[in-house]
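Participant: Structure for the following, please:
(one chain, ligands or ions: 1)
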Amino acid sequence: SASTVALIPFPFETKLNAVTDDYEVGNEALGVGVNGKVLTCFHRQRVQKCALKIIRDSAKARQEVILHKKASTYPNIVRVLDIYENEHSDHRCLFIVMECMEGGELFDRIKDIGHENSFSEHQAAGIMRSICKAVSHLHSMNVAHRDLKLENLLFTSNEEDAELKLTDFGFAKECSDSTKDLTTPCYSPYYVAPEVLSKSSYDKACDIWSLGVIMYILLCGYPPFCSNHSLPISPGMETKICTGDYQFPEEDWYMVSDEAKNLIQAMLTVEPEKRPNIETILKNSWLSEFTTHVPKTPLDTPRVLMDKLQKWDNVETSICETNKYNG
Ligand SMILES: c1cc2nc(N[C@H]3CCCNC3)c3c(n2n1)NCC3
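Facilitator: Numbering: from 1, shown residues only. The predicted structure is shown next:
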């Protein structure tokens, strides 16, 4: 059965004693993710509040833990403090102890801001810069996150100057460098299939698309692609995504700068091979000079449209296969 499949060993020290030896586990659920819940926990000696994510042990779970731990030394990534391998309700589980992000999800901060005060293009640029820095760290170590969304971006505190960090590596994947290293002996050029040559480098490109969707939502409060009825995804919506069919409705976008719109358009390029990479994105003037350059025009985030923005937990959205573009 799956549980007897040989599991890849961890390339770092994990703890085999009970997590409750060292932490008192709170019963407050901080959040619920695709593959596990997040609780509060308190270190008994250090008297430090942390976040605890419990996932059932499997090859996929180990991949998530290994990649998150590897990335967690970077500033804009949620820090992993301890990993425990424990039995839990007679299943082998992995307990990931992380720094507790007291400010909650970016998703909720946008909804709150939508109802309280204006949310400036300047603030949106600051947020995008933090997210792009996290993504550039990941891409520099050839890891694609593949699940960039407002729910996976968390603030360290509720203060104005809180830091924004990326979490949830359940879909993350090591991917070969975008400039395909044709010398690696993993395939013979005569026999290599097109998807082998192209697929892996597109994992990073899919992160850039998600950044475009996040930036669009930050600036107006609703997503560029949504299904007309309340279903999470619909054939009409999938067509709009695959053909890059979205608009900047004048009534919500007239006060947004052209630089911002041009940057979104670049990130929402349908062909992955034509999409700019994260280094190019970070050099964009809207991001690099946002301290002086980006206008501070207040956006009146549309309140009525905020309801369109919903959490899509546990929805397997059908992503357009890259080979549709090759057709
Ligand atoms: C570390 C990790 C973490 N994850 C959290 N929530 C997760 C739940 C699943 C979707 N991504 C975010 C929350 C947190 N923290 N802190 N604090 C408040 C909510």
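Participant: Nearest the middle, which residue of the chain would you pick?
Facilitator: Geometric centre of the chain, nearest residue: Leu148, 2.2 Å, by CA atoms, centre = their mean.
Participant: in a helix, that's where Lys133 is, yeah?
Facilitator: Yes. Secondary structure of Lys133 (DSSP: H, G, I helix; E, B strand; the rest coil): part of a helix.
Participant: That one touches Gly126, doesn't it?
Facilitator: No. Between Lys133 and Gly126 there is no contact under CB atoms under 8 Å: 11.0 Å. For every residue, glycine as well, the C-beta is placed using N, CA and C.
Participant: Looking at the two, which has the bigger crowd around it?
Facilitator: Remark: of Lys133 and Gly126, Lys133 carries more neighbours, 18 against 15, as counted by other CB atoms under 10 Å.
Participant: ok now do the more buried one, which residues does it touch?
Facilitator: 75-76, 282 (CB atoms under 8 Å, 6 or more residues apart in numbering).
Participant: Name only those of the residues you listed that count as buried.
Facilitator: 76, 282 (16 or more other CB atoms under 10 Å).
Participant: Out of the contacts of Lys133, the closest to the ligand would be?
Facilitator: Set against the ligand, the nearest of the contacts of Lys133 by CB to the nearest ligand atom is Asn76 (13.4 Å).
Participant: The longest helix seen in the chain - contacts with which helices or strands?
Facilitator: Determined from DSSP state H, the single longest helix within the chain is helix 194-220. When contacts are defined as 3 or more CB pairs under 8 Å, 6 or more residues apart in numbering; DSSP states H and E, helix 194-220 sits against helix 121-140, strand 143-144, helix 250-253, helix 258-267, helix 278-283, helix 323-326.
Participant: again, only this time at 6 Å
Facilitator: Helix 194-220 is packed against helix 121-140, strand 143-144, helix 258-267, with contacts defined by 3 or more CB pairs under 6 Å, 6 or more residues apart in numbering; DSSP states H and E.
Participant: mind checking how far the residue nearest to Asp147 when sequence neighbours are not counted is from the ligand?
Facilitator: Counting by CB to CB, 6 or more residues apart in numbering, Asp147 lies nearest to Phe171, which is 4.1 Å off, once chain neighbours are set aside. For Phe171, the distance to the ligand equals 12 Å [CB to the nearest ligand atom, to the nearest Å].
Participant: From the structure, what's the count of residues near Phe171?
Facilitator: By other CB under 10 Å, 19 other residues sit near Phe171.
Participant: follow-up on the earlier one: name the nearest of the contacts of Lys133 relative to Gln63.
Facilitator: For the contacts of Lys133, the residue nearest Gln63 by CB to CB is Asn76; the value is 21.1 Å.
Participant: wait, what's in contact with the residue of the stretch 101-250 of the chain at minimum distance from the ligand?
Facilitator: The minimum distance from the stretch 101-250 of the chain to the ligand, using CB to the nearest ligand atom, falls at Met101 (3.6 Å). Counting by CB atoms under 6 Å, 6 or more residues apart in numbering, Met101 touches 154, 156.
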